[in-house]
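Participant: Quick one: sequence and predicted model below, then my questions.
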Amino acid sequence: QKILERISLAILIGYDLENDNEVTATTAIRTVNQDYESVVLTISETAATSKGTRVKVNLNTSKKVMAGQLRVVLVSKELAEAGLNDTLHTL
């Protein structure tokens with residue numbers, strides 16, 4: 001129970017390739033509020049790498065975001081055609 005008070009769980013991540021070859025990650029995050037109610041937040045961040053987007057997401061949330069409950073990863077067609085190795089190895 002105390003662990004859920006300190007972390008949030010990423011349940012879905014979508015990746016898009018931007019015009020300047022940066023990656024935008026849109027993350028659905030499940031968190032538990034003070035009343036132990038489940039709340040889902042959506043945050044989008046853009047960076048040079050998927051790891052960079054994860055760092056930015058963590059900087060903009062009050063709890064550390066963990067991927068332990070990640071169920072869905074969506075990848076844009078443009079990013080898939082450009083190559084997935086750099087994006088997927090950080091999952």
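Facilitator: Structure's in. What do you need?
Participant: what bridges to the residue nearest the centre of the chain?
Facilitator: For the chain, the residue nearest the mean C-alpha position is residue 27 (3.8 Å; Cα atoms, centre = their mean). Beta bridges link residue 27 to residue 13, residue 43, judged by DSSP bridges.
Participant: ok now do it, which residues does it touch?
Facilitator: Residue 27 makes contacts with 10, 12, 13, 14, 42, 43, 44, 45, 57, 65, as judged by Cβ atoms under 8 Å, 6 or more residues apart in numbering. Glycine gets a C-beta too; all of them are placed from N, C-alpha and C.
Participant: Can you tell me the SS state at the first one?
Facilitator: Remark: residue 10 carries the secondary structure label strand [criterion: DSSP: H, G, I helix; E, B strand; the rest coil].
Participant: Now do the strands in the protein.
Facilitator: For the chain, the strands defined by DSSP state E cover 7-17, 23-32, 38-47, 64-66, 72-75.
Participant: Quick one: closest of those strands to residue 86.
Facilitator: Among the strands of the chain, strand 23-32 comes nearest to residue 86, with 8.5 Å by Cβ to Cβ.
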